[in-house]
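sequence plus the predicted model coming up.
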Amino acid sequence: MQISAQISKETKVRLETYSRAHGIKKQFLIETALLQFLRALDELPANIMLPSRLVVTERSGRRVASLISGKRKPTRALVELMRGDD
């Protein structure tokens, strides 16, 4: 069966680059990727699946920028995690 789909130029370049570098036919790569994605949809809870693209509004973008630009003291949990404390 043949399926037709429009993809971005960037995705096409990545697909072709990976295919050539690993000696894998594009057809096999696409089918394998699709099967893995569909299996994940079947087996994982819906809230685990993250979209491959996120839309950031101007407001949320400003919020993210303010969170990552400011100096904040690490939380106790983060310090313990980085130390490897149990």
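Done, it's in. Numbering: from 1, shown residues only.

going by C-alpha atoms from here, please, whenever you check contacts or count neighbours.
Fine.

flag the shaky bits of the chain, pLDDT-wise.
85-86 (pLDDT under 70).

let's see it at 90
Counting by pLDDT under 90, the ranges of the chain that qualify are 1, 40-41, 44-55, 64, 66-75, 78, 84-86.

residue closest to the middle of it?
For the chain, S52 is the residue whose C-alpha lies nearest the centre (Cα atoms, centre = their mean; 4.8 Å).

hey, which helix is longest across this structure?
Criterion DSSP state H: the longest helix present in the chain is helix 26-43.

pop out the phi and psi values for the residue nearest to the centre of the chain.
Main-chain dihedrals, S52, degrees, to the nearest 10: phi -70, psi -20.

for K26, see how far away it is.
20 Å (Cα to Cα, to the nearest Å).

check which helix or strand covers L67.
For L67, the host element (DSSP states H and E) is helix 58-69.

buried set for the next helix or strand after that helix?
Once helix 58-69 ends, the next helix or strand along the chain (criterion: DSSP H and E) is helix 76-83. Within helix 76-83, no residue is scored as buried using 16 or more other Cα atoms under 10 Å.
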